[in-house]
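A.B. asks: Test case, fold it:
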Amino acid sequence: MAGPIKFPILPNLHDFFESSIVEDIFFEQEGLFDKLDDALPDCAGSGLKSIALCGPAGVGKTRHVREYVNKRGQRFDAVLRISLKPLPPPFNDPDDPCKRSTNFSDSYLKASGELHLGVNINSNEGEDKGPFELGKPLPDALVQWLKCPKKTSDDEQSEMAKWLVIFEDVVDPDHLRPLLPILCDGCVLVTTQNPQVRDLKCLSAPGINVGPLPIKKGVEYLKKHVYERLVEEKGTGFPSEAKTQYQKILQRIQQD
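C.D. replies: Purely as a prediction, here's the structure:
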């Protein structure tokens, strides 16, 4: 490790989405952020604290994590985001060890760069050579920092950093187990579609199910996201019959 680390370390919020478009409308699932605060304390000496958000694709797991980091991220000195989402073919081939790749390599290298760990995925020496594979432990350089997260690496009296690691899009329980640094004193937040990952005994807190918007909030979202934006984009050219049809749809949803 070389050079001073610049704290706080927070992920780029736009990196949470493949698209460059970030919605400006967000509805928090009731009480979810408070539950995360309780499960992920920022106090030292509490051991590893971990919890998973679980739900089908599109219900807002990633968006909740993004907004949580945006609103509560300052509770931590370092928030590291590591994606376990498999890459599409031909980059990902389960039968070829050299192509069993995920976004893990890229996101780990980004985290190691922010922490000045000096890890090079193209290196041919040492334990931390790539490619990094699912089902394997975290590279040693990162584990060592998580175990002893000094804010100043060459100072024995250095204050320890409070950290949160986000493991995103965990598909298989066997992919997560080796990644949890059990002996570390910090926090881990997991997102998954798999209830088996949510219910892993190695997680310290019961998982949280993220569901679709309630009808009332869904109607509010449609009003803001669809109608108002159409009017903004099309102005007076927005057809009156389309407006009438839209209002009928909202009324039908509210009746149901």
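
A.B. asks: Three-state assignment for residue 191, please.
C.D. replies: When classified by DSSP: H, G, I helix; E, B strand; the rest coil, residue 191 comes out as strand.

A.B. asks: residues near it, how many?
C.D. replies: Residue 191 is flanked by 23 other residues according to other Cβ atoms under 10 Å. (Glycine included, C-beta is placed from N, CA and C.)

A.B. asks: Just grab the bridge partners of it for me.
C.D. replies: Per DSSP bridges, the residues bridged to residue 191 are residue 53.

A.B. asks: Would you confirm that it contacts residue 51?
C.D. replies: No: Residue 191 sits out of contact with residue 51 when judged by Cβ atoms under 8 Å, with a separation of 10.4 Å.

A.B. asks: Show the average pLDDT along stretch 173-183.
C.D. replies: Average pLDDT, stretch 173-183: 83.

A.B. asks: cool, stretch 26-42 as well?
C.D. replies: Stretch 26-42 shows a mean pLDDT of 90.

A.B. asks: Just the endpoints, please. Distance across it?
C.D. replies: 25 Å (Cα to Cα, to the nearest Å).

A.B. asks: contacts for that stretch?
C.D. replies: Applying Cβ atoms under 8 Å, 6 or more residues apart in numbering, the external contacts of stretch 26-42 come out as 49-51, 60, 63-64, 67-68, 71-72, 75-76, 162, 164, 187, 189, 204-205, 208, 210-211, 213, 217, 220-221.

A.B. asks: quick one: which of those residues sit in strands?
C.D. replies: 49-51, 164, 187, 189, 208 (DSSP state E).

A.B. asks: among those, which two are most distant?
C.D. replies: Farthest-apart pair in the ones in strands among the contacts of stretch 26-42 is 164 and 208; separation 15.7 Å (Cβ to Cβ).

A.B. asks: before we move on, the earlier item: report the buried members of the contacts of stretch 26-42.
C.D. replies: Buried by 16 or more other Cβ atoms under 10 Å: 49-51, 60, 63-64, 67-68, 72, 75-76, 162, 164, 187, 189, 204, 208, 210, out of these.
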